[in-house]
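Asker: my questions are about this predicted structure, shown below with the sequence.
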2 protein chains.
Amino acid sequence: MKVNVIGVGHTLFGKLDLDIGSLMYEAGKQALEDANISIEEIDAVYIANFSSSFAEQIHLPAVFASKFNVNKEITRVESACASGGLAIKEAVISIASGLYGKVLVVGVEKMSESSQPADIIARAASKNERSLGMTFPSLFALMARQHFHCYGTTEQHLAEVAVKNHRNALSNPFAQFHKEITVDDVMKSKMVASPLKLLDCAPITDGAAAVVMQSSETNSSVRLLGIGHNTDAIELFKRPDITTIPTVSRAAEQAFKMSQLVPKDIDVIEVHDCFTIAELIEIEDLGFCKKGDSKKIMEEGRSEVSGDMPVNPSGGLKAKGHAIGATGVSQVVEIVKQLRGQASNQVKGARFGLCCNIGGAGSSAVVSILSGE
Amino acid sequence: MKVNVIGVGHTLFGKLDLDIGSLMYEAGKQALEDANISIEEIDAVYIANFSSSFAEQIHLPAVFASKFNVNKEITRVESACASGGLAIKEAVISIASGLYGKVLVVGVEKMSESSQPADIIARAASKNERSLGMTFPSLFALMARQHFHCYGTTEQHLAEVAVKNHRNALSNPFAQFHKEITVDDVMKSKMVASPLKLLDCAPITDGAAAVVMQSSETNSSVRLLGIGHNTDAIELFKRPDITTIPTVSRAAEQAFKMSQLVPKDIDVIEVHDCFTIAELIEIEDLGFCKKGDSKKIMEEGRSEVSGDMPVNPSGGLKAKGHAIGATGVSQVVEIVKQLRGQASNQVKGARFGLCCNIGGAGSSAVVSILSGE
């Protein structure tokens, strides 16, 4: 399979004045310019968007067509917060089919238009669990509690994830937050669902990210070596062990197999830290350390940009922001920049990068592996 | 490209007690049984669903995984009312890529849980037009008015579409309405948006439809010969001529080219009659007659099941029902049954069939052509 990312685009993340169509347009236009091609040369467009309820606009393919003043094959895909990764995957499949040459992927979310975004986000969980009062913070809090119980992870370790990601975002021009925080700030921030406090949680974000893909290489292209995808039961209570996200392990296994690489080959990693605990669980489930050992990685500073397995140099969902449908695409944009040597928080000599994008409490996952060589 | 439909499934259409997960399960299970394979043999699932707002459930891939108690690659696609056709297309692409062997497509919508379904449906139109008070009945009413003005089509012709489709649904066990109506009934039904009356409009429907596809043939398989897809600007006011739906013409051209057939080869047709005028416009734009001549087809009875170009033998969206995300898949189910000689309202000797599924006021369209030979 030969698939290359030949252009990337990214809007600011945060509370923005742009409407959902303008967000798609801005990111898409940047990616096309970066690839040095026109929208007319694009054969198909995949749009990732989590919920049409925030901005009360369904039918984004037609909104895209209006904004770019084109008619094309345009498709929206969704699997909760993994929608962005899924759009990348559908683009990969479509190029592999030989039906399309050049494909544009745009991930977008316009959350700030809704007065009740948390209610809309909760719809990605099961009705059954919601009827019992569960929310995503409480589902991830349960996972954290169990992880603490089984492996000795602590609130301090979680806080260190937030501190690292806020520090990483300082140099990212697209990040929602440019504010250094301390472990003490996290520990003293408002309790959301014990042990998760406000500064353990990703924010509500508007934004879009885009990539252009094709089968052949260019001077600045980055190869997509492997991609894995898995979907599992929506209910957390159906998971035998809630300290792991099995979809992540399965998607990673598939992506590593396709790329013929192993975890120690990876130089830079973007994971889905919707809550700080998620970053630690994913590092383990992706195979970067043994189950329960992510706390040691934090203690040893290995996931810092200067460490041997830098995680979320972009600032992650925590500090870069989490424009849901955009997130999986934004991760790929960051890794492409890292592998080109053009990242705002560059990991020195990065050759191989990995993105892990999950949906819900991990019922969906997409893992992709890219190479700058 | 070798793609075959090897199994089909369909729930009742109407106001149903089943929740959205159970609807997917019922249609999916039927399709698997019809294909004589198990869910474990399926490599990937594509789910078509228009809006998660009706049933307040996003993340349907994970709901599907729960219902079938499996983990798999599962993706939801959406482009308004063309979502079903789009899921079929993504399945075709994925099989063509060689990445998957067997793929299950499930289209579903659970509309009756919402107290304001029309408000949710309206989100598939542009915010701009909505702010001016436009609704889908009024957009299609404008198209009808212009068609009347340019081509002499009348309210009587529209009424005859509803009468035909209600008659066709009488023998369809899955149809929402089993009620014969007269032209007089239509003319006297409540005005919705002049000239469209209540009996010119498709209903609010719960339901699901499913197909299993693979590259190789079986004893009862039906070949998918061609598929076309196009997306255009969301605003009706951007269309130079509102008596046509350009996405339909473009998607049809692509599907006919891929299948190496022409309109006169087609023996049975399912079109997207969300409003009666849509059936007439689509017949023209698909190339079955000249622009403006669909009224003659009605006058001559050519689109009856006994005619030479039977349209909507299933009862169409008007009488079978319009469970939005299911509709494009339901059309394929009907055509597969027709080509197997197993339809409830069988077109004698049907060898080639065509489905036309549109989204919004025609800003999206998917056309597929199937062969029983």
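Answerer: In hand now; what should we look at?

Asker: please make it C-alpha for all contacts and neighbour counts, starting now.
Answerer: OK.

Asker: close to chain B, is stretch A:361-373?
Answerer: Yes. Stretch A:361-373 comes into contact with chain B (CA under 8 Å from any CA of the partner chain), by way of A:363, A:364.

Asker: can you point out the buried residues in that stretch?
Answerer: Buried positions in stretch A:361-373, judged by neighbour count with 16 or more other CA atoms under 10 Å in any protein chain shown: A:361, A:362, A:363, A:364, A:365, A:366, A:367, A:368, A:369, A:370, A:371, A:372.

Asker: likewise for stretch A:13-26?
Answerer: Using 16+ other CA under 10 Å as the test for burial, stretch A:13-26 gives A:13, A:14, A:15, A:16, A:19, A:20, A:21, A:22, A:23, A:24, A:25, A:26.

Asker: the fourth one is in what secondary structure piece?
Answerer: In other words, residue A:16. Secondary structure assignment for residue A:16, by DSSP states H and E: no helix or strand.

Asker: from what I can see it touches residue A:208, true?
Answerer: No. Proximity of residue A:16 to residue A:208 does not meet the contact threshold set by CA atoms under 8 Å, at 10.8 Å.

Asker: in a helix, residue A:90, correct?
Answerer: Yes. Residue A:90 sits within a helix when classified using DSSP: H, G, I helix; E, B strand; the rest coil.

Asker: out of everything not next to it in sequence, what's closest to it?
Answerer: residue A:46 (7.4 Å; CA to CA, 6 or more residues apart in numbering or on different chains).

Asker: whatever residue of chain A ends up closest to chain B: neighbour count?
Answerer: Closest contact between chain A and chain B, by CA to the nearest CA, is at residue A:97 (3.5 Å). Look at residue A:97: counted by other CA atoms under 10 Å in any protein chain shown, it has 20 neighbours.

Asker: that one against residue B:94, yeah?
Answerer: Yes. With contacts counted by CA under 8 Å, residue A:97 reaches residue B:94, the gap being 6.9 Å.

Asker: quick one, what contacts residue A:64?
Answerer: Taking CA atoms under 8 Å, 6 or more residues apart in numbering or on different chains as the contact definition, residue A:64 lies against A:21, A:24, A:25, B:233.

Asker: could you point out which of these is nearest to residue B:310?
Answerer: residue B:233 (30.6 Å; CA to CA).

Asker: so does whatever helix or strand residue A:330 lives in get close to chain B?
Answerer: Element membership for residue A:330, per DSSP H and E: helix A:324-340. No. Helix A:324-340 stays clear of chain B (CA under 8 Å from any CA), getting no nearer than 12.2 Å.

Asker: what's the distance between that helix and the middle of its chain?
Answerer: In terms of CA atoms, centre = their mean, to the nearest Å, the centre of helix A:324-340 is set 7 Å apart from its chain centre.

Asker: strands paired with the following helix or strand past that helix, and their directions?
Answerer: Next helix or strand after helix A:324-340 toward the C-terminus (DSSP H and E): strand A:352-359. Strand pairing for strand A:352-359, determined by DSSP bridges: strand A:268-270 (parallel), strand A:364-371 (antiparallel).

Asker: hmm, who's touching the shortest one?
Answerer: This points to strand A:268-270. Where contact means CA under 8 Å, 6+ apart, the residues beyond strand A:268-270 that reach it are A:309-314, A:316, A:331, A:334-335, A:338, A:347, A:350, A:352-356.

Asker: hmm, which of those are the buried ones?
Answerer: For those, a burial check counting by 16+ other CA under 10 Å picks out A:309-314, A:316, A:331, A:334-335, A:338, A:347, A:350, A:352-356.

Asker: tally of neighbours for the closest residue to residue A:165 other than its chain neighbours?
Answerer: Nearest in space to residue A:165, with sequence neighbours left out and distances taken as CA to CA, 6+ apart, is residue A:315 at 4.3 Å. Using other CA under 10 Å, residue A:315 has 29 neighbouring residues.

Asker: then residue A:214?
Answerer: Around residue A:214 there are 25 other residues, counting by other CA under 10 Å.

Asker: contact partners for it?
Answerer: By CA under 8 Å, 6+ apart, residue A:214 lies in contact with A:3, A:4, A:5, A:6, A:95, A:101, A:102, A:103.

Asker: out of the residues you listed, who's near chain B?
Answerer: Applying CA under 8 Å from any CA to those, one finds that residue A:95 fall near chain B.

Asker: and the contacts of residue A:214, which two are the farthest apart?
Answerer: Greatest spatial distance in the contacts of residue A:214: A:6 and A:95, 13.4 Å, computed using CA to CA.

Asker: ok so, going back, possible to save the contacts of residue A:214 as a markdown table with neighbour count?
Answerer: Shown next, in a markdown table, are the contacts of residue A:214 (neighbours: other CA atoms under 10 Å in any protein chain shown):
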| residue | neighbour count |
| --- | --- |
| A:3 | 23 |
| A:4 | 26 |
| A:5 | 27 |
| A:6 | 26 |
| A:95 | 26 |
| A:101 | 17 |
| A:102 | 24 |
| A:103 | 26 |
